[in-house]
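A.B. asks: Task: produce atomic coordinates for the following.
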Amino acid sequence: MHYVIFILIFFVFAKAETFDEIVSRIDNNPYILSNKSLVESYEGKIIKAKSFSNPDGYIQFGRLVGGNSSATITEFYISQPLKLYNQRKYNIESAVSEKLYQSLQFDSFKRKYLSVLYQSFYEALYNKELLKIAENEANLSKEFFNFTEKVYKLGEASKLDFLKAQREYQLSISKLNQQKLLYLESLKSLSSLVGYEIKDVEGDFYHVRDIKTIDFLSLPEIKSFDEKIKSLQALEKYYKALSYPQISVGVIAKEYSNDKYESGLVVNFTLPVFYRNLGEIVSVKNQKASYTSLKDYTVNSLKIKYSSILESYKSDLDLISQLNESIETAKNELNLAEKSYKLKTISLFEFFNIKALYFETLKYKLEIYKHLHQLYSKYLEIGGSL
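C.D. replies: Presented below is the predicted three-dimensional model:
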């Protein structure tokens, strides 16, 4: 009993958070910031691509000995590798497109995170609505237990009715306590997702959002494939440029001890005899083909998912319109059954059946709305907007 009282006090004084309030803090979520930092790390690859190769060189000291004479020789050499055939341009283009690819993938990741967050929030709100139903059911059971106990003591009700009413009330209290625990568990699940403690949630569970048309080719996920293909195209050109002779130019100077000097221009180059970058080129070409096919597959898959979500969404909305009439009828039946039992025109067993039907209808309506929110979460996942 003390534990139940503690939970009730907890709900009363806990600050309830709305979905919009939680979403407004997404950008400060450590998990989001971690992935954002990974995207920013690709800026280093752009800086690296823009850089020039460092020159290399050497200084050599030696002594030349021959016959009856000797001479000291000092030699200095420095060389600068040249990035010819647009190597630097292609490398920069590849690095820039790769960062754009990662940035668009991050936008897609945030959208999917929002989808999971939406579902987790409305799962908690669903349990809160079930808690309200359980409270109403417990209150009604208590009211009829008190009434049955009173008329039993007056000799106007059987002991069997009294025991039935008592058992129904005790069962409703057990269901209420269980639902409170389920609500707390859903809050903990939501808290683990957002990275801080959420003690209560609030919102209109029966409000459904519109599902809008999606321009699939403009989605970050699809646009990211285009950037990845651009990056690979530039990388392929870069590897092809490396397959040509690589040239570096330098100067060399020598000083002899007999006051003689020697200097000259040096050109170094590689001979592409073995076509060493063929493996990289073949790999990049196949990656391009892979991302091209993946883009087409993803677009078609998203269109099919969107069509299925939209159809189910409309079907559920139509079902709710029909169910509202049934709930109103069930409510009127319950009110009538309550009066009828007190007037001894129906049995307690009949009243409990009508009561159970009413609350089951309310829960069924909740289930449909829960499914609507699950569908909307999937809509967000494939690229929908709030």
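A.B. asks: by contact count, what packs against the helix ranked longest in the chain?
C.D. replies: Ranked by residue count, the top helix of the chain under DSSP state H comes out as helix 87-153. Here helix 87-153 touches helix 19-23, helix 30-40, helix 43-50, helix 159-194, strand 200-201, helix 220-242, helix 278-342, helix 348-381, going by 3 or more C-beta pairs under 8 Å, 6 or more residues apart in numbering; DSSP states H and E. C-beta here means a position set from N, CA and C on the backbone, and glycine is covered the same way.
A.B. asks: Where does the prediction get shaky in the stretch 101-250 of the chain?
C.D. replies: Counting by pLDDT under 70, the stretch 101-250 of the chain contains no low-confidence range.
A.B. asks: How about the residue nearest the centre of the chain: what's its closest non-neighbour residue?
C.D. replies: Against the mean C-alpha coordinate of the chain, by C-alpha atoms, centre = their mean, the closest residue is Tyr113 at 2.0 Å. In space, and not counting its chain neighbours, Tyr113 is closest to Ile32: 6.9 Å by C-beta to C-beta, 6 or more residues apart in numbering.
A.B. asks: Hmm, the one you found is touching Arg25, no?
C.D. replies: No - when contacts are counted by C-beta atoms under 8 Å, Ile32 is not listed as touching Arg25 (9.8 Å).
A.B. asks: ok, these two, which is more surrounded?
C.D. replies: Higher neighbour count among Ile32 and Arg25: Ile32, with 17 against 13, using other C-beta atoms under 10 Å.
A.B. asks: residues in contact with that one?
C.D. replies: 26, 110, 113 (C-beta atoms under 8 Å, 6 or more residues apart in numbering).
A.B. asks: Gln102 versus that one, what's the distance?
C.D. replies: Ile32 is 14 Å from Gln102, where distance means C-beta to C-beta, to the nearest Å.
A.B. asks: ok so Ile252 is a strand residue?
C.D. replies: Yes - counting by DSSP: H, G, I helix; E, B strand; the rest coil, Ile252 is part of a strand.
A.B. asks: List the residue ranges of the stretch 251-386 of the chain that fall below the pLDDT cut-off.
C.D. replies: In the stretch 251-386 of the chain (pLDDT under 70), the answer is 256-258, 273.
A.B. asks: ok but Val267 is inside a strand, no?
C.D. replies: Yes - secondary structure of Val267 (three-state DSSP): part of a strand.
A.B. asks: Quickly find the element holding the closest residue to it other than its chain neighbours.
C.D. replies: Once flanking residues are discounted, Val267 sits nearest to Val249: 5.5 Å by C-beta to C-beta, 6+ apart. Secondary-structure assignment from DSSP states H and E places Val249 in strand 247-256.
A.B. asks: Gly264 now?
C.D. replies: In this assignment (DSSP H and E), Gly264 forms part of strand 261-269.
A.B. asks: helices and strands around that strand, which ones?
C.D. replies: By 3+ C-beta pairs under 8 Å, 6+ apart, strand 261-269 packs against strand 69-81, strand 247-256.
A.B. asks: any chance of those strands in CSV, with mean neighbour count too?
C.D. replies: Output for those, formatted as CSV (neighbours: other C-beta atoms under 10 Å):
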stretch, mean neighbour count
strand 69-81, 14
strand 247-256, 15
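A.B. asks: and the strand holding Val249, which strands flank it?
C.D. replies: strand 69-81 (antiparallel), strand 261-269 (antiparallel) (DSSP bridges).
A.B. asks: Report the buried residues of stretch 316-327.
C.D. replies: Across stretch 316-327, burial judged by 16 or more other C-beta atoms under 10 Å covers 316, 320, 323.
A.B. asks: Let me know the closest of these to Ile214.
C.D. replies: Among the buried residues of stretch 316-327, Asp316 lies closest to Ile214 (C-beta to C-beta), at 19.3 Å.
A.B. asks: Test my guess that the closest one contacts Leu375.
C.D. replies: Yes - assessed by C-beta under 8 Å, Asp316 is found in contact with Leu375 at 7.2 Å.
A.B. asks: starting at the chain centroid, how far to stretch 102-122?
C.D. replies: The chain centre lies 3 Å from the centre of stretch 102-122; the measure is C-alpha atoms, centre = their mean, to the nearest Å.
A.B. asks: I appreciate the help and will end here.
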